[in-house]
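This is the structure alone, sequence omitted:
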Ligand code: PNS
């Protein structure tokens, strides 16, 4: 039987932590590609809140039971990683026009580095246009609620980072809502 090869794309990023904006992009990418590798940049220069191992654990938990999503880490050039992973497409999300300038540069640099790899932009739902990992961390650290902005595993792991794991769920529910 002549089986069509599965289409595979790489969704790279820092994911510190993964947000519902990223989750939305993954869902949209899966409507185009058979499989997606979420590739976490292992960058020693940055000082992330979650280690790369923690981010792998978090994203694996978020996609447990979904065989179409794989989680991996990479260092070095993204296009080299994509080649090694067997993907000829890089997916990046666009939240707003302001994302475009940097993303355009990144895509053109990647094309220069490897013209065989195409970057595809997917627009996030409008409801996530203001959601970023940086703001999620800031809001949480300042006592605001990030529920609805991140998957439950991220909310829990943020709480654990702040030593709130032992706080009763009810008092966590009282966190101020930020909308
Ligand atoms: O989530 P982020 O931080 O916006 O993701 C940025 C990322 C990881 C996609 C980008 O920094 C990257 O691809 N880094 C790998 C290094 C690389 O390939 N650089 C050359 C392309 S400009």
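Sure, I can see it. This one's a predicted model, so the numbers in the text were calculated from it and none came from an experiment.

how about the strands in this structure?
Here the chain has its strands, by DSSP state E, at 8-13, 35-41, 69-74, 89-94, 118-123, 144-145, 176-177.

angle of the fourth one against strand 35-41?
Think strand 89-94. With axes from the mean of the first three to the mean of the last three C-alpha atoms, to 10 degrees applied, the angle from strand 89-94 to strand 35-41 works out at 70 degrees.

Name the residue of the protein with the shortest distance to the ligand.
Relative to the ligand, the nearest point of the chain is residue 13 (3.1 Å; C-beta to the nearest ligand atom). Every residue, glycine included, has its C-beta placed from N, CA and C.

Spit out the contact partners of that residue.
Residues in contact with residue 13, defined by C-beta atoms under 8 Å, 6 or more residues apart in numbering, are 22, 38, 39, 40, 41.

Residue 153 is nearest to which of the strands of the chain?
strand 69-74 (12.5 Å; C-beta to C-beta).

List the contacts of the closest one.
12, 26, 30, 35-42, 52, 56, 59-60, 63, 81, 85.

List buried members of those by neighbour count.
12, 26, 30, 35-42, 52, 56, 59, 63, 81, 85 (16 or more other C-beta atoms under 10 Å).

Next, the angle strand 118-123 makes with the longest helix along the chain.
In terms of residue count, the longest helix belonging to the chain (DSSP state H) is helix 97-113. Calculated by the same axes, to 10 degrees, helix 97-113 forms an angle of 170 degrees with strand 118-123.

Contact distance from the ligand - what residues of the protein qualify?
By C-beta under 6 Å from any ligand atom, the part of the chain that sits against the ligand consists of 12, 13, 14, 41, 77, 78, 106, 109, 110.

ok, of those, which one's closest to residue 121?
residue 106 (10.5 Å).

does that closest one really touch residue 99, like I thought?
No - using C-beta atoms under 8 Å, residue 106 makes no contact with residue 99, being 10.2 Å away.

Once you drop chain neighbours, what's closest to residue 131?
Distances taken as C-beta to C-beta, 6 or more residues apart in numbering place residue 21 nearest to residue 131, at 4.3 Å, with adjacent residues excluded.

Tell me the spacing between the one you found and residue 109.
23 Å (C-beta to C-beta, to the nearest Å).

More neighbours: those two, which one.
Using other C-beta atoms under 10 Å as the criterion, residue 21 and residue 109 rank with residue 21 on top: 21 against 13.

Give me the buried stretch members for stretch 113-130, please.
114, 117, 119, 122, 124, 128.

Verify the stated contact: the last one with residue 94.
It refers to residue 128. No - in this structure, residue 128 is not within contact of residue 94 by C-beta under 8 Å, at 10.8 Å.

Name the residues contacting each of the two.
Joint contacts of residue 128 and residue 94 (C-beta under 8 Å, 6+ apart) do not exist.
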